[in-house]
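Colleague: The following block contains a protein sequence and its predicted model.
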Amino acid sequence: MKLGFKFIILLFLSLTAKPQSQYYGGAFPTIDHSGDINNKLGYGLYYFGAFPLANLNKPNISKDANFLLLYSEQSLSYKPSDKFILTGSYVYQRTNAVYDNYVNENRFYVQAKYKHAIKNIKLTHRLRFDGRFIQNRVTNETPFTNRIRYLIGIEVPINEKSYFTAYEEAFFNTFKNANVIYAENWAYAAIGRKLNANNKIEAGVLYITWNTGVSNWFNQYYFQVTWISHLDFRKEKE
């Protein structure tokens, strides 16, 4: 447990030490559902909304509240082994979701995930390639861009039903003539609670930062609540 807290404290200190320009706080409701189709195949559904509610320098919810992101992800996974998982997905994302200046993005990704344990600590490594088609509202074109993402995560049990979890994910643009290479970072720390065999709830802090210029960052601090559910259709067929 101590290792988990040290990990996330060092992580947040390293991120907030960078040059930054904007600070917003808000809410980040999330649904994370997955299922086993058979011993090798699985599916995933992942949805969230990002709601910055206040500028942390000069809070004014009546003026600052915003529906920034609407995100939906549908994926299929193949498991060569219990530790290694390959996944492909289609993603739809809408920025400024309910406003006139909205931007639509259609995306696919392919990823590899490796999971292992050190004593009672579960570790996850994830490498993802994003292919992105982002709408340009000025030209009405959707140019193709791409990026690489690397995530490292931990999960540490607290007791039989509760656990601490955290991750860090860095985003790197890989397309030609990108304005910046290191473009984005997400960091998360939460306490989870197992409700039953199929459902869990996590609540914690999500920190997202976007590089909006050479030394400018858009920093978002969210209170994230996630409902996690899982179904195993293999049992119904046995």
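Modeller: Looks like it came in fine. The structure displayed is predicted, hence computed values, not measured ones.
Colleague: Apart from its neighbours in sequence, what residue is nearest Thr87?
Modeller: Ser77 (4.4 Å; Cβ to Cβ, 6 or more residues apart in numbering). (Each C-beta comes from the backbone N, C-alpha and C, glycine too.)
Colleague: List the buried residues for the helix or strand hosting that neighbour?
Modeller: Per DSSP states H and E, Ser77 falls inside strand 69-78. Neighbour-count burial for strand 69-78, counted by 16 or more other Cβ atoms under 10 Å, picks out Leu69, Leu70, Tyr71, Glu73, Ser75, Ser77.
Colleague: How about stretch 185-202?
Modeller: Those would be Asn185, Trp186, Ala187, Tyr188, Ala189, Ala190, Gly192, Lys200, Glu202, for stretch 185-202 by 16+ other Cβ under 10 Å.
Colleague: Pick out the residue nearest the middle of this structure.
Modeller: Centroid check for the chain by Cα atoms, centre = their mean gives Trp186 as the closest residue, at 6.8 Å.
Colleague: Nearest residue to that one in space, ignoring adjacent ones along the chain?
Modeller: Glu169 is the one closest to Trp186 (Cβ to Cβ, 6+ apart), at 4.6 Å.
Colleague: That neighbour: what secondary structure?
Modeller: Here Glu169 is strand, with the state taken from DSSP: H, G, I helix; E, B strand; the rest coil.
Colleague: Hmm, it is touching Asp130, no?
Modeller: No. Here Glu169 lies out of contact with Asp130, judged by Cβ atoms under 8 Å, at a distance of 11.7 Å.
Colleague: residues shared between the contacts of the two?
Modeller: Counting by Cβ atoms under 8 Å, 6 or more residues apart in numbering, the contacts common to Glu169 and Asp130 are Arg149.
Colleague: Same drill for those two, tell me which one is more crowded.
Modeller: Neighbour count, other Cβ atoms under 10 Å: between Glu169 and Asp130, Asp130 has more, with 20 against 17.
Colleague: Going along the chain from the helix or strand containing the more buried one, find the next helix or strand for me.
Modeller: Counting by DSSP H and E, the element that carries Asp130 is strand 121-134. Downstream of strand 121-134, the next assigned helix or strand under DSSP H and E is strand 144-157.
Colleague: just checking, what packs against that next one?
Modeller: Where contact means 3 or more Cβ pairs under 8 Å, 6 or more residues apart in numbering; DSSP states H and E, strand 144-157 is packed against helix 2-16, strand 121-134, strand 162-173.
Colleague: pLDDT and distance to Ile208 added to the buried residues of strand 69-78, as JSON lines?
Modeller: Output for the buried residues of strand 69-78, formatted as JSON lines (pLDDT from 0 to 100; distance: Cβ to Cβ, whole Å):
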{"residue": "Leu69", "pLDDT": "98", "distance to Ile208": "9"}
{"residue": "Leu70", "pLDDT": "98", "distance to Ile208": "15"}
{"residue": "Tyr71", "pLDDT": "98", "distance to Ile208": "12"}
{"residue": "Glu73", "pLDDT": "98", "distance to Ile208": "16"}
{"residue": "Ser75", "pLDDT": "98", "distance to Ile208": "21"}
{"residue": "Ser77", "pLDDT": "98", "distance to Ile208": "25"}
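Colleague: List the contacts of stretch 69-85.
Modeller: With Cβ under 8 Å, 6+ apart as the test, stretch 69-85 has contacts from 39-50, 86-95, 97, 112-116.
Colleague: Same check on stretch 128-147?
Modeller: 101, 103-111, 148-151, 171-175, 178, 183.
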